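In: Quick one: sequence plus predicted model below, questions after.
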Amino acid sequence: MKILNVRIKNINSLAGEHEIAFEKPPLNEVGIFAITGPNGAGKSTILDAICLALYGQTPRFKARSEQVMTRRASDCFAEVTFSLDERCYRSRWSARRVNGAVQTAMQLSRINGEETLLKETVNSVREEVGRLTGLDFKRFSRSVLLPQGEFAAFLHALSNERVEVIDKIVGKEAYQEHCEHILKAAESENERLIVQKEALAGMPVPESDAVLREELEAAESAYLSASTKRDALKEEQDRIRRRERDRQVYQDNQIALSSALARKEALRDEIDRLERARAAAGFQADLETYEAQVSAAAEAEKRFSTLTASVEAYREQIATLSEKNRSNRQALDEAERRIAADADIFEAALAVDKEIEAAANAFREQVDRYEAIERERKENLQAQAGIRDEIDRNASDLAATEKWLEKHAVVETLGEASPGIQDTVTRLKAVREKIQQQDAKRQASLQKLASAREFLEKARASHAKSLKKVEVLKARKAGQEETAAAILADQSPEDFEIGVQQNIRRLKNVKLLLRTAKRYQRQMSGNGASVEEMLRQKEAELEALDDTFASQQTAMVNFEKKIQFDEERSQLTAGSPCPLCGSLDHPYAADETDAKNARRTLKGMKKELRKMLKARNRLFSRIKGLKKRLSRMDSYGAQWTELLEESGYDWPTGDVDAAKQALRDLRQEVRQGKKALKVVKRREGRTRRMTQAVESAAERMRERQSMLEEQEGEMTLHRKLLSSIEQASAELTRQEEELAASLSSAVAPFEADVPRRGAEDAFILNLMARLDEYRARQNRRTALIEEGEQLADRARRLPDAVKALKTEAEALEGEIEERQKHLNQLKTDRQKRFGEDDPLRRKATLSDEIAALTAEKERILSEIQTSEAALTAAEAALAEARDAHGRAVTARDTTQRILKNKVIAASVFRNLDEVRESFISEEEKAIIETHVHQVEAEIRSCRNTIEKIRISEEAVPSDRSAAEVELAMDDAEKALSRLKDDLDRLTEREAAAKRLKVEYTAARKELEALEKRCDALNALKLAIDSGDDAEVRRDFHEEMFKKLLEKAGGYVGMLNARRYRICQAEKDPFGIEVEVAAVGERNGERIRRPVEGLSGGETFVISLGMALALSDLTNGTRKIQSLFIDEGFGYLDDENLTQVINTLNEHLKVNGKRVGVISHVSRLDDEFQTKIQVIPEPDGTTRLEVLPKERPVDAPSAS
């Protein structure tokens, strides 16, 4: 149900007529709107009017109807237009005062193209509205319209009252669908139960958890032990690799140390540059001051020249502007003289033009009035001809309508006979539907009987098959046990496995012996004594090469220092101080070298040192390889001896042939033992699984036996049910024949036949359509008679109006002619007086000229003042610039003289140019210092690293060789990989067993739940088939109530952030309780509370959710799409109010629903954008005003 339009007249304070269109903008654009106004203004009157129009009563006024009518009014009405699915209806309640008493009336019409009256008494309209909507007045007030103070009525209603509301809202169709759903669900669930039982019978039984756990723990223990051994070997391997890396680092640091020392000597020139730059830094500030003063003197001279030129330019500009001002003054005086001379002529022309304009306006008014009268007269003449045609058409339609009514006069009696005919047709339709249902039940029962018979045969065959399978499994189990006993002979499986494991360990040792022997033979590229002798020889060569390298490096450093001071040595003179140390004694003055040959000699010495360094590196690598070779040979020998002791063999060191032969023999023994052990374990597993399969097959056999007995009982039940269905069908067929005969006699006068099955509704609609058409023709006849009388009256009045208009037009013609002559005479007199010259136009031209000259005069004077001010400022700046230039030149010359004296006195530089050349940037200083620090840091780092490595090698004892550790590591990785594979297989078996156990347990639980559901559905199905629907209706009501609570919970969650949860009462299936999320110390916990203990705001939110859920619960034509709430929002705080309104507006608009909220709370004016305002007037009445949703203002366009 959706309310489309409400019309109100003289209801309480709403005096006069008012209309609210809910299906037009702006109300149709929102999901929720407000009805606001002060207390007593008449907000609740709108809801009263809706109730009056639909049911003839209101929740507030339960006394006489005159309490609703506005005081001093003689009549009132309330009219509501609403839709149900695609059909529209209009219900109207009206009252009027007659001789002091109030008489009320109601009408209900259907609007489909044209309006058709359905009911016209208060009781009949009330009953018909209840039948169409499924809601009587009480249920309407609890689901669609929530009156003031009663919005929680449904929440606090009794359980039976809630059931009645739900039953009416959902309708009979929902109950019928529920019954059909039960029948279909019972059939499908019974079939699923059979399939589930067969599936459970075919599932394998899970393995024992204890056996699997024991095997898995043993595998995990072995894997952990192997992993620990592998980790220890990995640590040893890392330690050996670190030692080898340290030795390489030791050698690299020795080479880096020699290179760093050489680079430190190469940086000597850069260090000297740095010292000279530090000496020049003392003059840098004075030099920068001098250069700044030079720049300031040049800038002062440039400013003096610029200001001199500016002064001359300003003087020339002032002379030019003075000349322009004299010319402008002469032109202005001449224009003022001319306008003063013609002042009298200008005044006379202005008075004549005003008189002409007044005469022209009067003339235009008379002409417009004359044209309007002529148009009206022509329209009346045309209307006279049209009215005659309308009178003829009216007479023709009236005659045709009278003729049709006379022909179909018998239809008038159909109104009295229609209730009895409708009742008979309804009963006939119900009997036919029951016959159809019984036929469907009979067919379904026959099918189920056949299915049960078929399933019974399958169950018997399956039972026989299970017996045979059990015997076969027992025979196979005995065969597996005999095979395992033949393989083991007299040993137990555990002893047999221990022997196999011992052979596997011996095989591993032999493999290690063979690998060690091969590696020992590869290292023996001669005998051991030759390797040791070669190592001693190479170590002696390395020691001699280190001594030679050290002496050559010392000679090169001394020679390089000597040639560095050749330039300073050439400047030494006897008796003069040394520029470096200041000494007067020069013992090395005569020790000079040839610079060109000295550099070539130094380069050759460095090249020879690099060759010696490369030769040393090669020799060191050779010594390192020989040491590793001797270490491997010792390691392989010790490993060979250890493995021989473990294996019990006595072979010479490195005997490859003996190891190969032993390896072949042991491989054959291990292969045969593993194969036999695998067969034994496989037989044991098969025997264990067969035992489980025998037990499982026996269990399935017992279940199938039980299923067989149940199916036989169900077949008996189906046979009894089929018999009762056939008896009921015969009784219904007899009732159908009696009702058809009664209906045939009732509709014979109207030339109608008994409808066939399925056409009953169309038959009723056809009869009602004939009755509606007859009544519409009667209404049409009355309307035509009234229309004819109105046309005749108009035809009598039109000639008099035409005559009056003609008289008025003739009088206006004379007046228009006189005014035309007067206007022409005024224009002629003006022409004679002034001729072609227009004094007013000439005056305007002179005024414009004077204004332009005045503006030009003011502009010139302003420019002269500006230029004079600028000239004064320029002259003052020129004098200041002349003084500044003199001061700058004096300061520059003084600073230059002082700086030269300082440089000469320092005895380091000869002039200022040398000081400038000695400056280096801070970045370059930083680079030189960084290079020096880096070289020194590198020297310290290399020496520290060499010392740490030497101490580390002395502290850590020698381990096994890398080859030995690598061999042991390979064996450990293989053993670990094999154990990991065994562990993974056992883990997969355990996971598979757990999954199978979970699946089996879940299948058992699912089967038990399905059996319970099937029992409940079969009980309901039996109740439906037997006609005892009390239990079925209770199940239907409980299902609908659960859906209602679920939908209401969703709305309440949206409205209040899921703090509240609506749930079913524990003791009453139709009771309501609320779970509230706790806060504080009990955060996360939910507390259950009865609805009576809720606060006002909580009660309103829960009630609103229940009302919205009720509207969702409806379907088809009874779907509720309009909801009105009187007050209630005042219980909410600001935060909850905003959240509730925003949530409702977004959700309701999407779902096509509309909620109207009545409240006097001022906050709603800000929260609601669309609202109906009830505005009080000074006389005590009120008026309605719909305020649209505010839209954002568009930005102004660029134009």
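Out: Structure's in. What do you need?

In: Quick check: buried residues in stretch 235-254?
Out: Along stretch 235-254, these residues count as buried under the neighbour rule (16 or more other CB atoms under 10 Å): E236, Q237, I240, R243, D246, Y250, Q251, N253, Q254. C-betas here are computed from N, CA, C, even on glycine.

In: What's the mean pLDDT across that stretch?
Out: Averaging pLDDT along stretch 235-254 yields 77.

In: Narrow the buried residues of stretch 235-254 to those in helices?
Out: The helices in this structure, assigned by DSSP state H, contain E236, Q237, I240, R243, D246, Y250, Q251, N253, Q254 from those.

In: Which of these sits closest to V1032?
Out: Checking these against V1032 with CB to CB, the nearest one is Q237 at 80.7 Å.

In: Chain neighbours aside, what residue packs nearest to that closest one?
Out: Once flanking residues are discounted, Q237 sits nearest to V965: 4.9 Å by CB to CB, 6 or more residues apart in numbering.

In: quick one on the thing from earlier: return the member of the ones in helices among the buried residues of stretch 235-254 nearest to V1091.
Out: Out of these, the member with the shortest distance to V1091 (by CB to CB) is Q237, at 76.3 Å.

In: thought the closest one was touching L967?
Out: No: with contact defined as CB atoms under 8 Å, Q237 does not reach L967; the gap is 10.8 Å.

In: ok, the residue nearest to Q237 - how many residues close by?
Out: Using other CB atoms under 10 Å, V965 is surrounded by 21 other residues.

In: With adjacent residues omitted, what lies nearest to E966?
Out: By the measure of CB to CB, 6+ apart, the closest residue to E966 outside its immediate chain neighbours is Q237, 6.9 Å from it.

In: any idea how far the one you found is from K974?
Out: Distance, Q237 to K974, by CB to CB, to the nearest Å: 16 Å.

In: Could you do S635 as well?
Out: 20 Å.

In: again, but for E79
Out: If you measure E79 against K974 using CB to CB, the figure is 97 Å.

In: of those two, who's got more company?
Out: Looking at E79 and K974 with other CB under 10 Å, you find the greater number of neighbours at E79, namely 20 against 13.

In: Test my guess that that one contacts S91.
Out: Yes: counting by CB under 8 Å, E79 does reach S91; the two are 7.3 Å apart.

In: Report the set of residues contacting both of those two.
Out: A53 (CB atoms under 8 Å, 6 or more residues apart in numbering).

In: Could you list which residues are in contact with E936?
Out: With CB under 8 Å, 6+ apart as the criterion, the residues that contact E936 are K264.

In: secondary structure class for it?
Out: Taken by DSSP: H, G, I helix; E, B strand; the rest coil, the conformation at E936 corresponds to helix.

In: pLDDT wise, what is it at?
Out: pLDDT for E936: 81.

In: ok, now E1075?
Out: 79.

In: Quick check: it touching R1088?
Out: Yes: under the contact definition of CB under 8 Å, E1075 touches R1088, with a separation of 5.3 Å.

In: Looking at those two, which one has more neighbours?
Out: For E1075 against R1088, the residue with the higher neighbour count under other CB under 10 Å is E1075, and the figures read 16 against 12.

In: on that earlier part again, and the residue nearest to Q237, how far is that from A972?
Out: Here the criterion is CB to CB. By it, V965 lies 10 Å from A972.

In: which neighbours do the two share?
Out: Both V965 and A972 are contacted by L233, under the criterion CB under 8 Å, 6+ apart.

In: Can you get me a residue count around N558?
Out: Under the neighbour criterion other CB under 10 Å, N558 is assigned a count of 9.

In: What helix or strand is it located in?
Out: Taking DSSP states H and E as the criterion, the element that holds N558 is helix 528-564.

In: roughly how far is that helix from the heart of the chain?
Out: With CA atoms, centre = their mean, to the nearest Å as the basis, the distance from the averaged C-alpha position of helix 528-564 to the chain average is 77 Å.

In: in stretch 1179-1190, what counts as buried?
Out: By neighbour count with 16+ other CB under 10 Å, stretch 1179-1190 contains the buried residues T1181, T1182, R1183, L1184, V1186, L1187.

In: C-alpha coordinates for that stretch, CSV please?
Out: Extracted in CSV, the C-alpha atoms of stretch 1179-1190 (Å, rounded to 0.1, in the frame of the first residue of the first chain):
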residue,chain,number,x,y,z
ASP,A,1179,-7.1,34.0,13.1
GLY,A,1180,-6.4,30.6,14.7
THR,A,1181,-6.3,28.5,11.5
THR,A,1182,-3.2,27.0,9.9
ARG,A,1183,-1.9,26.6,6.4
LEU,A,1184,0.4,24.0,4.8
GLU,A,1185,3.6,24.7,2.9
VAL,A,1186,5.9,22.1,1.3
LEU,A,1187,9.6,23.2,1.4
PRO,A,1188,11.7,21.5,-1.3
LYS,A,1189,15.1,20.0,-0.8
GLU,A,1190,17.8,22.6,-1.0
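
In: Give the helix, strand or coil label for I3.
Out: Remark: I3 carries the secondary structure label strand [criterion: three-state DSSP].

In: how many other residues sit next to it?
Out: Other residues lying near I3 total 23 when counted by other CB under 10 Å.

In: Could I get the contacting residues of it?
Out: Residues near I3 by CB under 8 Å, 6+ apart: F22, I50, V80, T81, F82, S1122.

In: Which one (most neighbours) among these?
Out: I50 (26 neighbours).

In: Can you tell me the SS state at it?
Out: Of the three states, I50 takes helix according to three-state DSSP.

In: With A105 instead?
Out: Of the three states, A105 takes strand according to three-state DSSP.
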